[in-house]
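[1] Structure for the following, please:
(2 chains)
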There are 2 protein chains.
Amino acid sequence: MSLRIPFETVKETVKKALLNAGLSEEQAETCATIHAQSSADGVESHGLNRVPRFVEYIGKGWINLKGKPELVGAKGAVENYDGQLGIGITNALFCADRAVELAKEHGIGCVALRNTTHWMRGGTYAWRMAEAGFAGMSWINSESCMPLWGSDEKSVGNNPFCMAVPRDDGPIVLDMAMSQYAYGKLGVYRLAGKQLPYPGGFDKDGNLTSDPGAIEETMRILPTGYWKGSGMAIVLDLAAAIMANGNTGIDQAADKLGSCGGCCQIFIAYDPYMFASKEEVQEKVNRRVDAAHKAHPVHEGGKVTCPGERTVATRKKSMEEGVVVDEAVWEQVCAIAEGNVNIKDIASK
Amino acid sequence: MSLRIPFETVKETVKKALLNAGLSEEQAETCATIHAQSSADGVESHGLNRVPRFVEYIGKGWINLKGKPELVGAKGAVENYDGQLGIGITNALFCADRAVELAKEHGIGCVALRNTTHWMRGGTYAWRMAEAGFAGMSWINSESCMPLWGSDEKSVGNNPFCMAVPRDDGPIVLDMAMSQYAYGKLGVYRLAGKQLPYPGGFDKDGNLTSDPGAIEETMRILPTGYWKGSGMAIVLDLAAAIMANGNTGIDQAADKLGSCGGCCQIFIAYDPYMFASKEEVQEKVNRRVDAAHKAHPVHEGGKVTCPGERTVATRKKSMEEGVVVDEAVWEQVCAIAEGNVNIKDIASK
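    Below is the predicted model of the structure:
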C-alpha cells in the first residue's frame, strides 16, 4: 500500500536512519535530501526504496564511509578521481559540481570518477548540472545484469546514460538505462498482476514476452531497442572505464561489493551561454519544447511531453500533498531511524 | 542486383562524379574516399547510394561548395564553427580533427558545428577520432522524420549518436540512430518481400507492425526502445542546438535545404592515455571485448560481437573481393562520372 508523507518527514526520517548507520551529520543530510528528492520526483525505486539496501551495504562494509574523491590525475578541462569506495551520492555530487567548475573555466568540463559506489538515481547529477545552468551528461558502468544481444546470460551492465539541458521552467533531462525495463519495474507489474506494455525480455523458451514473472525467472531482460541498447551499453562500459582509468563491468564483483561497487562514472558539463545570451538560448529551448507539446497526439486529448517535464509536476504534487511511499518500506526505514534494527541484520529485498 | 567493384574503382568513379558536380579536386578526393569507405564498411545507404542525392542537392544549390567551417566562438576546450552550409563531410571531418587537437591540449575537446549539411554516415567521425587514438563522441540534430512518443506525426529527428573507443584491432564504435530502423532499411525489407525481425512502426490503424510497407505508408517509424529513443532524440536535438548555437530540428526546412540542411553537429574527443599507459588501456579494452565474445550465445555456435567489429571484417572482405554496390545505383553514379547527366536533372530516389 502507498501512503503520502510530508517531504520534510521523509527527509528527516531517512537522515536519522543514515545517522544510525554511521554517516556523519553532513553525509546524512546530503544523502537523505537526495533520497527524499528522488521519491518526491516519482523515482521511488532509487529514493526511499533504496535506503534499506544502502544501509545493508554499509552494514556489510561494502561502502567506505571515510572514503572521499581523491584527485589522481588532471589535465586541462579533465579531472580524474578515485572514489575510494565512498558513498556513491556524495562522491557523484562532488564530481558533478567539479565538472561545472571546470566548464566555467574551459567551456566544457569532464570529471571521470573510478572506484565509487552506487549513485542511486542516475538523473540526479544531470539535473544538478542543468540546474546550475549547464548542459550536463553523465553515465555509469555497472556490473553485468543484462544479456548482450545474442547472448542469454548476463554479460553487460544496464549502464544508465543521462543528458540534461537547462530550462527556466525545469530542465529537460534524459535518464535512460540500457535495459527496456528495470528489474524493479518487472516486480511492480508482476505484483499488480499486469503484463508489461511492450515485450521486456525472453522467457525460458527463448521467446520475447511481456510477462514480467517469466523474465524475472530467466533474468534475460531486453536491451532498449534490442541490439541497439546492447551496443550502447558495452560502449558506455568501455568508455567509462578508459576515461576514468577504472573497472569495466566485468571487473566489478557485485557479490563482494554490491551493485556498482567499484564502478566508474563520467560527468561532463558544458556552458550553453558562451556563444549566445541566456535569453536567446532559453527562447530556443522553449520554442522546441512547445513544438513537441503541439505534435499531433496519437490519442485525442493526449499531449507529448519531453523527458523531465512530468517529473516537475510530480515533484510539485509531492511537495503539496506529501511524497508517495510504500508502506512496508516506510516502516522499515522508520525502524532503522528509531534504532530498532541492528544494521548488520538488514537484508534488503 | 549487387555487384562487387574494386575499392579504387568505386572511389575514382565517385570522385569523377563529384568533380563533374563542381567539387574541387581536394573536396572530391575526400568525399569520394569517405563514400567509398562507407560502402566498403557495409554502410551502402550512406556510401555509394547517397552519391546521387548529394549531387542532386548540389544541383539544387542546397550545398554551398565554397562554404567552410568559420570559427564563430572559442573558449578553452571548446570551439564553435559555422559550417556555411558547406559540404557535410568536409565540414564534419574538419571538426572531428579539431576536437582531437583540442583534446591533446585540454584532455577533452569539443567542437560544436552549426549551419552545416548532411554528414552522410554518422559513424565516420567517431571512427576517425578513435583511429587517432581518442575516445570520441558525436551526434547530429536532423529535421523531424520520426514521431515523438505519444504523437502520430513526424516531430523529431532520428538524430544519430555515435561513440567510439580506440582499439588496436579496430575501434569499438556505436553508430545509433534514434529510430529502430532507418527508412532505407524498411525499403530493403519491402523489396525483398520480408517482414522486419521486430516491430518497426505503426500501421494506419495505429497498431505496431513488422510490415515495412505499412510503416512507409504511415511514416510512423518507431523510436529505438519506444519512449526511450524518443526522449533521447529530443534531448540530443536540444543539446546540439544550444551547444552549437544553431538550429533545432524544427528550424530546419528539409524542403528548402534537403535533409539535415542547416543542422548542428557536436564532436567530443577525450584522451584515454592521460592517466594510464596505452598498454594498460588496450589490455583493459581487449579483456572486456573478449568477455563479450565469451558470453554464452543464444544459438549454439553463435558469437556476441561488439559494435564495429563486424565492420572491420566487412571492410577486409570489401578490400579483397571488391565493394558491394547496387547495380542500378552504380550505373547512375557511372553516368554522372562520365558526364552523361546534367546534374540539374538528377532526382534521387
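
[2] For the rest of this, base every contact and every neighbour count on C-alpha atoms.
    Noted.

[3] how about the residues of the stretch 1-150 of chain A that lie near chain B?
    Those residues of the stretch 1-150 of chain A that sit near chain B, judged by C-alpha under 8 Å from any C-alpha of the partner chain, are A:73, A:75-78, A:80, A:105-110, A:135, A:148-150.

[4] Let's see the ChimeraX selection covering just the buried ones among these.
    Here is the ChimeraX selection string for the buried members of the residues of the stretch 1-150 of chain A next to chain B, based on 16 or more other C-alpha atoms under 10 Å in any protein chain shown:
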select /A:73,75,76,77,78,80,106,107,108,109,110,135,148,149,150
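
[5] Greatest separation within the residues of the stretch 1-150 of chain A next to chain B: which pair is it?
    A:105 and A:150 (44.5 Å; C-alpha to C-alpha).

[6] domains for chain A, by residue range?
    A:2-63+A:321-345, A:184-222 (automatic domain parsing).

[7] Can you say which of the ones you listed is packed in most?
    domain A:2-63+A:321-345 (a mean of 20; mean count of other C-alpha atoms under 10 Å in any protein chain shown).

[8] Now do stretch A:124-133: distance to the chain's middle.
    Relative to its chain's centre, stretch A:124-133 lies at 13 Å (C-alpha atoms, centre = their mean, to the nearest Å).

[9] re earlier: ok, of the residues of the stretch 1-150 of chain A next to chain B, which one's closest to residue B:300?
    When the residues of the stretch 1-150 of chain A next to chain B are compared against residue B:300 (criterion: C-alpha to C-alpha), the nearest one is residue A:150, at 10.5 Å.

[10] So for the closest one, what's the pLDDT?
    What the model reports as pLDDT for residue A:150 is 97.

[11] Please look at it and residue B:301 and confirm they touch.
    No - using C-alpha atoms under 8 Å, residue A:150 makes no contact with residue B:301, being 10.8 Å away.

[12] following the strand or helix carrying residue A:91, which helix or strand comes up?
    In this assignment (DSSP states H and E), residue A:91 forms part of helix A:88-106. Once the chain leaves helix A:88-106, the next helix or strand it forms, by DSSP H and E, is strand A:108-116.

[13] report the angle between the axes of that following strand and strand B:108-116?
    For strand A:108-116 against strand B:108-116, the angle by axes from the mean of the first three to the mean of the last three C-alpha atoms, to 10 degrees is 130 degrees.

[14] which secondary structure elements does strand A:108-116 contact?
    Identification of packing neighbours for strand A:108-116 by 3 or more C-alpha pairs under 8 Å, 6 or more residues apart in numbering or on different chains; DSSP states H and E yields strand A:78-82, helix A:88-106, helix A:227-244, strand A:263-270, strand B:108-116.

[15] could the ones you listed go into JSON lines alongside mean pLDDT and distance to residue B:158?
    Formatted as JSON lines, the helices and strands packed on strand A:108-116 follow (pLDDT from 0 to 100; distance: least, C-alpha to C-alpha, whole Å):
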{"stretch": "strand A:78-82", "mean pLDDT": "98", "distance to residue B:158": "30"}
{"stretch": "helix A:88-106", "mean pLDDT": "98", "distance to residue B:158": "28"}
{"stretch": "helix A:227-244", "mean pLDDT": "98", "distance to residue B:158": "14"}
{"stretch": "strand A:263-270", "mean pLDDT": "98", "distance to residue B:158": "23"}
{"stretch": "strand B:108-116", "mean pLDDT": "98", "distance to residue B:158": "17"}
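
[16] what's the distance between the strand or helix carrying residue A:9 and the middle of its chain?
    Using DSSP H and E, residue A:9 maps to helix A:7-20. Relative to its chain's centre, helix A:7-20 lies at 20 Å (C-alpha atoms, centre = their mean).

[17] by contact count, what packs against that helix?
    In terms of contacts (3+ C-alpha pairs under 8 Å, 6+ apart), helix A:7-20 is packed against helix A:25-40, helix A:327-337.

[18] quick one: the helices in the stretch 151-300 of chain A?
    In the stretch 151-300 of chain A, the helices defined using DSSP state H, counting those that start in this stretch lie at A:183-191, A:212-218, A:227-244, A:254-257, A:278-294.

[19] picking up where we left off before, what are the contacting residues of the helix holding residue A:91?
    A:27, A:30-31, A:34, A:68-69, A:76-78, A:83, A:108-113, A:116-120, A:125-126, A:128-129, A:132, A:134, A:265, A:267-271, B:75-78 (C-alpha atoms under 8 Å, 6 or more residues apart in numbering or on different chains).

[20] Next, report how far it is displaced from the centre of its chain.
    With C-alpha atoms, centre = their mean, you get 16 Å for helix A:88-106.

[21] can you check stretch A:118-126 too?
    3 Å.

[22] could you give the mean pLDDT of that stretch?
    Here the average pLDDT along stretch A:118-126 is 97.

[23] Kindly export it (C-alpha atoms) in PDB.
    The C-alpha coordinates for stretch A:118-126 follow below in PDB (Å, rounded to 0.1, in the frame of the first residue of the first chain):
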ATOM      1  CA  HIS A 118      26.000   3.200  -6.500                       C
ATOM      2  CA  TRP A 119      24.900   6.700  -7.300                       C
ATOM      3  CA  MET A 120      21.300   5.800  -6.700                       C
ATOM      4  CA  ARG A 121      19.100   7.800  -9.200                       C
ATOM      5  CA  GLY A 122      21.300   8.400 -12.200                       C
ATOM      6  CA  GLY A 123      19.400  11.600 -13.300                       C
ATOM      7  CA  THR A 124      20.300  13.400 -10.000                       C
ATOM      8  CA  TYR A 125      23.600  14.600 -11.400                       C
ATOM      9  CA  ALA A 126      22.400  15.700 -14.800                       C
END
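
[24] Point me to the residue sitting farthest from the middle of chain A.
    residue A:300 (33.1 Å; C-alpha atoms, centre = their mean).

[25] which residues sit in contact with it?
    Residue A:300 neighbours (C-alpha under 8 Å, 6+ apart): none.

[26] what about it, distance to residue B:151?
    10 Å (C-alpha to C-alpha, to the nearest Å).

[27] Likewise for residue A:289?
    Taking C-alpha to C-alpha, one finds residue A:289 at 14 Å from residue B:151.

[28] coming back round to it: which one, of the helices and strands packed on strand A:108-116, ends up nearest to residue B:44?
    When the helices and strands packed on strand A:108-116 are compared (using C-alpha to C-alpha), the closest one is helix A:227-244, at 19.2 Å.

[29] Output the contacting helices and strands for the closest one.
    strand A:108-116, strand A:135-141, strand A:154-156, strand A:263-270, strand B:161-165, strand B:172-176, helix B:278-293.

[30] just for the stretch 201-349 of chain A, where's the confidence low?
    Residues of the stretch 201-349 of chain A meeting the criterion pLDDT under 70: A:347-349.

[31] By neighbour count, which bits of stretch A:167-178 are buried? Give me those.
    Those would be A:167, A:170, A:171, A:172, A:173, A:174, A:175, A:176, A:177, A:178, for stretch A:167-178 by 16+ other C-alpha under 10 Å.

[32] Those: which ones sit near chain B?
    A:172, A:173, A:174, A:176.

[33] farthest-separated two in those residues?
    A:172 and A:176 (12.8 Å).

[34] follow-up on the earlier one: using CSV, write out every CA atom in the helix holding residue A:91.
    Taking C-alpha atoms only, helix A:88-106 is exported to CSV below (Å, rounded to 0.1, in the frame of the first residue of the first chain):
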residue,chain,number,x,y,z
GLY,A,88,28.0,7.0,-4.2
ILE,A,89,25.8,10.0,-3.8
THR,A,90,28.3,12.3,-2.1
ASN,A,91,31.1,11.2,-4.5
ALA,A,92,28.9,11.8,-7.6
LEU,A,93,27.6,15.2,-6.4
PHE,A,94,31.2,16.3,-5.8
CYS,A,95,32.2,15.3,-9.3
ALA,A,96,29.1,16.8,-11.0
ASP,A,97,29.9,20.1,-9.2
ARG,A,98,33.6,19.9,-10.2
ALA,A,99,32.6,19.3,-13.9
VAL,A,100,30.5,22.6,-13.7
GLU,A,101,33.5,24.4,-12.2
LEU,A,102,35.8,23.1,-15.0
ALA,A,103,33.2,24.1,-17.6
LYS,A,104,33.1,27.6,-16.2
GLU,A,105,36.9,27.9,-16.9
HIS,A,106,37.2,25.8,-20.1
